[in-house]
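Student: Quick one: sequence and predicted model below, then my questions.
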Amino acid sequence: MKTIKQAIQSAIGFKTPKQLVLDEYMCECGQLVQKTEMELLFGPKAGEMVIVNAGCKCEDIKLAAEAEEAHRRMKKRKMDDFFKQNSLVNKNLQSATFENYIPPNQAFTDAKYKLVEFAETFNPDNYQNLLLVGTYGTGKSHLSYAAVKKVMDLGYSCLFLSVPKLLTKIKETYNRQSKFSEEEILEFILEVDLLVLDDLGAEYTNKRNGDENDNWAQSKLFEVIDSRAGKHTIYTTNLNSADLEEKVNSRNFSRILDNTEIIVMNGPDYRKKKF
């Protein structure tokens with residue numbers, strides 16, 4: 001005589017799969033596992049017998065961890081490709097790391113540790129900006145690029161942009177043969193978790209006050225800085241505060257200083273040590 005459950009299943013055309021417990025054992029996690037042979041009821045392999053383990057989630061957890069790791073590697077690979085394709089960085093910076101930056105004095109050691117701490121504790125939900133100010137060749141770009149590498153290793157998206165090169169790249173978009181549109185470039189800048197704007201102010205050095213190109217550059221710079229509201233940005237410049245404000249204009253200068261820690265790196269040009 002059929003049970004009520006069997007009768008209902010029969011009425012709706014549901015077939016009870018064949019099952020045979022082959023073995024039972026205690027998993028390392030402390031759960032009892034049943035090794036069961038059962039029939040597949042649906043799909044292209046319907047009617048075939050398969051062996052499944054039921055009773056603990058260790059195998060599922062392992063597979064989930066492997067899938068998560070594969071996803072992490074794929075995401076990092078995509079971010080690396082994005083960074084390489086869209087960052088505007090000088091070749092001599094590409095080998096820069098925290099390890100190969102040798103500070104000449106305690107002040108520069110302190111600056112290095114601040115960048116290391118910034119990178120290692122990076123949290124996109126708790127944004128902070130940095131402004132590295134100092135004379136030529138003191139390692140501002142080196143440390144900023146090293147920070148970008150570290151943050152990318154943590155799984156976040158980054159861009160490193162030389163400001164003069166960025167403005168040149170935007171101008172190139174006005175040519176129909178340009179690979180990117182201006183909108184796409186600004187979208188890249190908006191979306192990344194960490195942006196470095198390197199050599200801020202250098203793009204205006206030889207321009208007259210009120211020059212049309214100067215006004216265009218300041219306008220584009222405002223779009224870039226304004227789009228980064230609430231997101232981490234590192235700025236570097238060789239100019240002091242008064243000169244930087246004059247070059248980028250007061251509105252841009254005020255935006256740059258918003259929630260920004262200033263790190264001063266004045267000293268001898270380490271590149272000259274090679275001579």
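Tutor: Here it is on my side, so go on.

Student: which one is the spatially most central residue of the chain nearest to, not counting chain neighbours?
Tutor: Centroid-nearest residue in the chain, with C-alpha atoms, centre = their mean: Ser157, separated by 1.6 Å. Nearest non-adjacent residue to Ser157, counting by C-beta to C-beta, 6 or more residues apart in numbering: Val192, 4.6 Å away. Every C-beta, even on glycine, is put in place using the N, C-alpha and C of the backbone.

Student: I'd like the distance between the one you found and Ala229.
Tutor: 14 Å (C-beta to C-beta, to the nearest Å).

Student: more neighbours, these two?
Tutor: Shown here are Val192 and Ala229; by other C-beta atoms under 10 Å, Val192 has more neighbours (27 against 12).

Student: In contact with that one: list those residues for me.
Tutor: Val192 is in contact with 157-159, 231, counting by C-beta atoms under 8 Å, 6 or more residues apart in numbering.

Student: now for the helix or strand Asn53 falls within, which elements pack on it?
Tutor: In the assignment (DSSP states H and E), Asn53 maps to strand 49-54. When contacts are defined as 3 or more C-beta pairs under 8 Å, 6 or more residues apart in numbering; DSSP states H and E, strand 49-54 sits against strand 32-39.

Student: just the CA coordinates of the strand it packs on, formatted as PDB?
Tutor: Coordinates of the C-alpha atoms in strand 32-39 are reproduced here as PDB (Å, rounded to 0.1, in the frame of the first residue of the first chain):
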ATOM      1  CA  LEU A  32      28.200  12.200   9.400                       C
ATOM      2  CA  VAL A  33      28.600  11.800   5.600                       C
ATOM      3  CA  GLN A  34      26.500   9.400   3.500                       C
ATOM      4  CA  LYS A  35      28.000   8.300   0.200                       C
ATOM      5  CA  THR A  36      24.900   7.600  -1.800                       C
ATOM      6  CA  GLU A  37      24.200   6.300  -5.300                       C
ATOM      7  CA  MET A  38      21.100   7.900  -6.700                       C
ATOM      8  CA  GLU A  39      19.200   8.100 -10.000                       C
END
